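> Okay, here's the prediction I keep looking at, along with the sequence it came from:
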Amino acid sequence: MKHYDKLIFVSESDTATGPMAEAILQREFLLEDILIVSKGLVVLFPEPVNPKAEAVLVSHSLTMKDHISDQLTDDDFDDRTLILTIDSQQKDRLLKDYSGAKNVFALSSYVQAEEEVHDPYGGSLADYNHCFEMLNMQVLRLASILSAEEMTR
């Protein structure tokens with residue numbers, strides 16, 4: 001029996017780091033019966049992926065061109081959903097703002113990475129590419145961890 005039915009990457013606005021992580025994991029994760037999405041902590045109105053984030057994704061043969069930002073809600077939390085924030089500050093805020101939050105971890109903590117991924121908002125294309133490379137390393141670890149967890153169930 002699988003451990004999770006859904007995985008949600010949570011970022012600030014769901015326009016860059018969360019969608020990038022979603023795209024990477026969708027490419028890497030072989031157990032396709034887990035729904036992988038991203039959502040934001042603060043989504044004032046629906047927005048497409050940041051153009052720099054999309055440019056970096058395309059340079060790595062990925063795309064999120066059809067992605068529209070989506071607000072995290074209380075309904076997103078249940079026993080069968082894994083919530084991974086891009087950094088620990090977002091995790092702390094999420095736990096403070098959502099009383100029913102469960103199965104919430106910072107991505108770097110979940111994969112035991114030494115460094116957190118930082119949002120490149122306002123940075124150069126090179127900053128977005130660096131962010132992608134860090135996300136890619138951590139999400140590849142995540143895919144391996146999730147596959148191992150699913151195989152032992």
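All right, it came through fine.
> make it CA atoms for all contacts and neighbour counts henceforth
Will do.
> Any stretches of this protein with poor pLDDT?
Applying pLDDT under 70 to the chain flags the ranges 1-2, 30-32, 150-153.
> residue ranges of the helices in this protein, please?
17-28, 51-59, 88-97, 107-110, 125-151 (DSSP state H).
> Of all the residues in the third one, which ones are buried?
When neighbours are counted by 16 or more other Cα atoms under 10 Å, the buried residues of helix 88-97 are found to be 88, 90-91, 94.
> Kindly export that helix (C-alpha atoms) in CSV.
Extracted in CSV, the C-alpha atoms of helix 88-97 (Å, rounded to 0.1, in the frame of the first residue of the first chain):
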residue,chain,number,x,y,z
SER,A,88,12.0,26.1,6.6
GLN,A,89,10.7,29.7,7.1
GLN,A,90,7.7,28.7,4.8
LYS,A,91,7.2,25.6,6.9
ASP,A,92,7.1,27.5,10.1
ARG,A,93,4.7,30.0,8.6
LEU,A,94,2.5,27.2,7.3
LEU,A,95,2.4,25.5,10.6
LYS,A,96,1.4,28.8,12.3
ASP,A,97,-1.3,29.7,9.8
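> and that helix, what does it pack onto?
If contacts are counted by 3 or more Cα pairs under 8 Å, 6 or more residues apart in numbering; DSSP states H and E, helix 88-97 sits against strand 104-106.
> Give the partner strands of the strand it packs on in its sheet and their orientations.
Taking DSSP bridges as the criterion, strand 104-106 sits next to strand 81-85 (parallel) in its sheet.
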